[in-house]
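# Turn this into a structure:
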Amino acid sequence: MAETFGELLRGHRIAAGLSMGRLAKLIHYSKGYLSKIENDLKPPTPTVARLCDGVLEAGGRLVEAAAHGGPALGRRQVLVVGTMLGVGALAGSGTRPVPDEQVIAGMRTSFEQLRGLGLQTSPVVVLEPLKALHRTVHGLARENTGPVATRLLLLAARIAEYTGWMSQEAGDEQNAVWWTRQASELSRAAGNPDIASYAFVREAGIALYRRDAANTISLAQQAQWIGRAGSRVLALAARREAQGHALAGDRYAAESAFDRAAQLMVSEAPDGPYSALGPSAPDPLELARGWSLSDLGLNAEAAAVLDRQLASVPARSRRTRARFGARRSLAHALSGEVEQSCRTLAGTFDDVAHVDSATVRTDLRQLARTLGRWHNQDAVREVYPGLKRLLAHR
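From the prediction side, this is the model:
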């Protein structure tokens, strides 16, 4: 009788000399959850199978077992795998015309328009349209086969990844994680390693805002270990890892990771129907480096880098300008340049108000506490009412 997935996983784990608890930490899942998989009480997700396969150096055997030899899959997994194997419309919703390339391109254009809108306005404006578009695209993917299904799955994955980001910006961390993991699973079904790896970068970003250095580093490293992602995604993963090291106070490790990111980052967006994954800023590495210098306590250097880099961010990229503008003002304040902090903050108010970002408000709260130490200064009294209004907005 063939081994179950759990039996195969246990064998590879023991051969690698790892306890279940240690393996759980390495793949960033709970020991209890992993125990259920190993004892065949739960089926493995494609993500868990790949993570275990990579850590245990199983050479793809665990991935294959999860896809073909494991316990019965849940209904949603059957729909995805059925699409990949050409089973067709498993949902039984009746026959609909196979969407042609013009229809798929139209839905892709709708997504890119929503993504562009998300650069400039509140996430609340785009979240429901994104979810509705995702339901349509994912539903069509389940009903079709072959190249059409693959293109639709890839589009659904892109929409899910961006919906996760907008959920985080809206302050909904639970849904941010759910949508990000959904993107990872869909991208694997579509055979696209970039989104699967980038999903870990996104989760690392959530950990970064929790000020959780260890998980920021771990998730960013996992993004670099799994699959065969392209150089841009690997660069963004190394960038996030650097931010985690900076948060932990390790300047040497942060600089090493930034150096790796610089070597990997391509100067041009890859050819294809989609905009590149990740930040749209002209130089996302230097912006992140400025951010990290502040976390390392080098705030005068951080402010100088962010001053220089923000000058090249276009006006339409309000979300980027708000995020790094708030961090720049914080760096100026922490370096003792209070008037400059207030001056740059006043110039950031309009962008912050437009994008309505929960993550930006995290930095603004720290900035408010910092400026409060100089509450008697004229510059602080001038900007403080506007700062309080932004923090009061939900």
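# Hmm, residue 132 and residue 159 touching each other?
No. Between residue 159 and residue 132 there is no contact under Cβ atoms under 8 Å: 10.0 Å. Where you see a C-beta, it was placed from the backbone N, CA and C, and this is true even at glycine.
# for this structure, which spans come out with low pLDDT?
Low-confidence segments of the chain, defined by pLDDT under 70: 1-2, 68-97, 227, 267-274, 393-394.
# domains of it?
Domain segmentation of the chain under automatic domain parsing yields 5-72, 74-191, 193-268, 309-394.
# do you know which of these lies nearest residue 287?
domain 309-394 (5.0 Å; Cβ to Cβ).
# The closest one: how far from the chain's middle?
24 Å (Cα atoms, centre = their mean, to the nearest Å).
# With stretch 185-199 instead?
12 Å.
# end to end, how far does that stretch reach?
9 Å (Cα to Cα, to the nearest Å).
# Pull the residues that contact it.
45-47, 50, 80-81, 83-84, 138, 150, 153-154, 156-158, 160-161, 164, 180-181, 183-184, 223-224, 226-230, 232-234, 236-237, 277-278 (Cβ atoms under 8 Å, 6 or more residues apart in numbering).
# Tell me the buried residues within these.
Neighbour-count burial within these applies to 45-47, 50, 80-81, 83-84, 138, 150, 153-154, 156-158, 160-161, 164, 180-181, 183-184, 223-224, 226-227, 229-230, 232-234, 236-237, 277-278; the criterion is 16 or more other Cβ atoms under 10 Å.
# ok, now which ones touch residue 355?
120, 121, 122, 123, 169, 318, 319, 322.
# quick one: the last one and residue 352 touch, right?
What that stands for is residue 322. Yes. With contacts counted by Cβ under 8 Å, residue 322 reaches residue 352, the gap being 4.5 Å.
# So for these two, which residues contact both of them?
Counting by Cβ under 8 Å, 6+ apart, the residues touching both residue 322 and residue 352 are residue 360.
# hey, where'd the helices end up in the stretch 101-250 of the chain?
Per DSSP state H, counting those that start in this stretch, the stretch 101-250 of the chain carries helices over the ranges 101-118, 123-143, 146-169, 173-189, 193-209, 213-225, 231-247.
# Pipe the ones you listed into CSV and attach distance to residue 331 per row.
CSV is the format used below for the helices of the stretch 101-250 of the chain (distance: least, Cβ to Cβ, whole Å):
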stretch, distance to residue 331
helix 101-118, 26
helix 123-143, 25
helix 146-169, 22
helix 173-189, 25
helix 193-209, 16
helix 213-225, 19
helix 231-247, 13
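# Quick check: which of the ones you listed is nearest to residue 6?
Closest among these, once you apply Cβ to Cβ, is helix 173-189, at 19.9 Å.
# chain center to stretch 246-260: distance?
Distance, centroid of stretch 246-260 to centroid of chain: 20 Å (Cα atoms, centre = their mean).
# The residue nearest to residue 29 when sequence neighbours are not counted: neighbouring residues, count only.
Excluding its sequence neighbours, the residue lying closest to residue 29 (Cβ to Cβ, 6 or more residues apart in numbering) is residue 48, at 6.5 Å. Neighbour count of residue 48, defined by other Cβ atoms under 10 Å: 21.
# now swap in the one 5 residues further on and tell me
Number of residues near residue 53 (other Cβ under 10 Å) recorded here: 22.
# Then residue 375?
Neighbours of residue 375 using other Cβ under 10 Å come to 9.
# what does the one 5 residues further on give?
Using other Cβ under 10 Å, residue 380 is surrounded by 22 other residues.
# swap in the one 4 residues further on?
For residue 384, the number of neighbouring residues by other Cβ under 10 Å comes to 17.
# What are the buried residues along whichever helix or strand it is part of?
Residue 384 belongs to helix 378-392 when elements are defined using DSSP states H and E. By neighbour count on 16+ other Cβ under 10 Å, the buried set for helix 378-392 is 379, 380, 383, 384, 387, 390.
# Which member of those residues is positioned nearest residue 282?
Taking Cβ to Cβ as the measure, residue 282 lies nearest residue 390 of these, at 26.0 Å.
# Distance of the closest one relative to residue 172?
19 Å (Cβ to Cβ, to the nearest Å).
# hmm, back to that, between residue 159 and residue 132, who's got more neighbours?
Neighbour count, other Cβ under 10 Å: between residue 159 and residue 132, residue 159 has more, with 29 against 12.
# Just give the nearest non-adjacent residue to that one, would you?
Nearest one to residue 159, counting by Cβ to Cβ, 6+ apart, is residue 134 at 4.4 Å.
# burial measure for the one you found, as a count.
By other Cβ under 10 Å, the residues close to residue 134 number 23.
# Correct me if wrong: residue 223 contacts residue 200.
Yes. When contacts are counted by Cβ under 8 Å, residue 223 is listed as touching residue 200 (3.6 Å).
# So for these two, which residues contact both of them?
In contact with both residue 223 and residue 200: residue 237, using Cβ under 8 Å, 6+ apart.
# What residues of the strand or helix carrying residue 254 count as buried?
Element membership of residue 254 [criterion: DSSP H and E] is helix 251-264. Of the residues in helix 251-264, 251, 253, 254, 255, 257, 258, 260, 261, 264 count as buried by neighbour count, 16+ other Cβ under 10 Å.
# ok, and the closest non-adjacent residue to the last one?
Once flanking residues are discounted, residue 264 sits nearest to residue 235: 3.7 Å by Cβ to Cβ, 6+ apart.
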